[in-house]
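Enquirer: only geometry, no sequence info:
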């Protein structure tokens with residue numbers, strides 16, 4: 001069987017806060033709490049696990065890890081409407097809605113751990 005990507009996990013110091021952020025941005029529900037939670041969107045699951053949980057499972061595993069090292073992309077229907085909603089939620093916007101030469105319109109924001117989130121639509 002060919003590998004099938006089902007999601008990713010962000011390791012964080014504050015599982016409830018990061019999960020709540022993504023649930024609000026993605027209009028989804030949070031399942032779970034500290035030390036493990038997840039937000040499910042069509043096509044994948046975004047999981048959140050505590051740094052302490054990782055260290056208890058694999059001591060030393062977080063020694064070289066850093067926050068803010070990911071860019072996550074989510075396709076949405078209306079980037080401009082999402083942008084307006086994000087502004088009302090006081091979400092840090094890195095790049096306002098922009099149409100790229102390759103045909104994507106996107107808005108970039110930053111999550112509480114410093115990761116970049118790209119919400120995009122095909123233009």
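Expert: Cool, the structure landed. Quantities reported herein were computed from a predicted structural model and do not represent experimental measurements.

Enquirer: confirm residue 20 sits in a strand?
Expert: No. Secondary structure of residue 20 (DSSP: H, G, I helix; E, B strand; the rest coil): helix, not part of a strand.

Enquirer: what is the distance between the worst-scoring helix or strand of the chain on mean pLDDT and the centre of its chain?
Expert: In the chain, no helix or strand scores lower on mean pLDDT, DSSP states H and E than helix 51-57, which sits at a mean of 84. Here helix 51-57 shows a centroid-to-chain-centroid distance of 20 Å under the convention Cα atoms, centre = their mean, to the nearest Å.

Enquirer: what packs against that helix?
Expert: On a contact count with 3 or more Cβ pairs under 8 Å, 6 or more residues apart in numbering; DSSP states H and E, helix 51-57 meets strand 7-12. For every residue, glycine as well, the C-beta is placed using N, CA and C.

Enquirer: so what strands line up beside the strand it packs on?
Expert: strand 44-50 (parallel) (DSSP bridges).

Enquirer: return the distance of stretch 53-68 from the chain's centre.
Expert: For stretch 53-68, the distance to the chain centre is 19 Å (Cα atoms, centre = their mean).

Enquirer: and that stretch, what's buried?
Expert: 53, 54, 67 (16 or more other Cβ atoms under 10 Å).

Enquirer: pick the one among those closest to residue 61.
Expert: Looking at the buried residues of stretch 53-68 and their distance to residue 61, the nearest is residue 54, at 5.3 Å (Cβ to Cβ).
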